[in-house]
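>>> below is the sequence, then the predicted model.
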Amino acid sequence: MKRNKFPKKTIYYKDPLKDDFAGTKIKQQKIDSNYNFVPKNFFYKIGTYILRGIAMPIIFIIERFYYGIKIKNRKALKGLKGVYLYGNHTGVYDAFTPNLLSFPHRTKIIANPDAVSIKGLRNIVKMLGVIPIPTTYGGMQKFLKDIEYCHNRGENIAIYPEAHIWPYYIGVRPFAETSFRYPIKDGAPVVAFFTAFEKPKGIGKLFRKAKITVYVSDPIYPDMTLNRKDAQEKLRNEVYSYMQNCADKYSTHEVIRYIQIGDEVCDEEELKIA
């Protein structure tokens with residue numbers, strides 16, 4: 001695979017599991033057992049339906065015409081409900097992509113608490129499907145119950161197992177099997193998707209950093225003959241393998257190059273964009 005030799009920027013990082021380069025610097029809201037993960041109030045539900053009806057066309061326009069995102073093999077989700085979606089985490093558009101993949105079915109997106117920590121936007125973000133990960137142990141049981149509630153209603157659940165945003169990263173970062181407990185528990189299918197970056201062509205070269213394509217896998221079913229831990233690991237490996245295959249085949253344009261450096265030569269300033 002041939003990649004561009006001279007990316008526009010370079011980012012130096014220490015830990016591929018913990019470093020985050022979203023650059024939002026949001027004061028994180030506490031998400032505990034008092035947090036209402038999935039409001040069930042009748043009027044809240046009506047508001048959600050109205051907002052979704054307004055937002056979906058806007059989301060489509062933003063993804064398709066502003067970012068120029070194309071989706072390959074979206075038909076893999078046709079007729080499926082209660083699917084768990086796993087994708088790589090490379091930009092703010094990740095908040096929109098699962099909704100387009102699942103449409104017309106609704107999707108909940110498990111996200112960092114930052115997503116619901118912006119005053120004035122918290123309820124809007126929740127109405128569009130975001131469920132924040134608890135920041136306390138006490139909130140976890142309620143969180144898990146609401147995830148199960150959404151799945152039982154036939155909603156799809158989107159998860160970014162890499163956890164942190166690395167803008168325009170062309171590879172796949174390591175991730176654990178922890179987040180794969182949900183489909184194992186429910187015996188539900190998994191669909192992986194990978195956002196790939198290629199060199200923009202035609203008129204896109206004038207205003208886009210990269211040509212963005214989302215590749216969608218066929219459904220992957222958990223092996224329920226295995227014990228929970230082994231089943232999670234197998235499912236994780238299958239999803240990772242699909243993403244890595246897409247990275248090797250399609251993700252060829254480095255807008256930003258990421259370089260890991262040792263602790264002995266790294267300080268906080270060196271973790272900023274060069």
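Yep, that arrived.

>>> got the phi and psi for Gln29?
Backbone dihedrals for Gln29, given as degrees, to the nearest 10, come out at phi -80, psi 140.

>>> kindly apply the preceding question to Glu198 instead.
Main-chain dihedrals, Glu198, degrees, to the nearest 10: phi -120, psi 170.

>>> could you tell me how many residues sit around the nearest residue to it once chain neighbours are set aside?
In space, and not counting its chain neighbours, Glu198 is closest to Lys211: 4.4 Å by Cβ to Cβ, 6 or more residues apart in numbering. Backbone N, C-alpha and C define where each C-beta goes, glycine included. A count of neighbours around Lys211, defined by other Cβ atoms under 10 Å, yields 21.

>>> who's in contact with Lys211?
With contacts taken as Cβ atoms under 8 Å, 6 or more residues apart in numbering, Lys211 has the following neighbours: Gly68, Phe197, Glu198, Lys199, Pro200, Lys201, Gly204, His253.

>>> most neighbours among those, please name it.
The member of the contacts of Lys211 surrounded by the most neighbours (other Cβ under 10 Å) is Phe197, with 23 neighbours in all.

>>> leaving out sequence neighbours, find the closest residue to it.
Residue nearest to Phe197 in three dimensions, not counting chain neighbours: Ala210, with 4.0 Å by Cβ to Cβ, 6+ apart.

>>> quick one: the one you found and Lys199 touch, right?
Yes. Using Cβ atoms under 8 Å as the test, Ala210 is close enough to Lys199 to be in contact (7.1 Å).

>>> any residues in contact with both of the two?
Overlap between the contact sets of Ala210 and Lys199, as judged by Cβ under 8 Å, 6+ apart, is given by His253.
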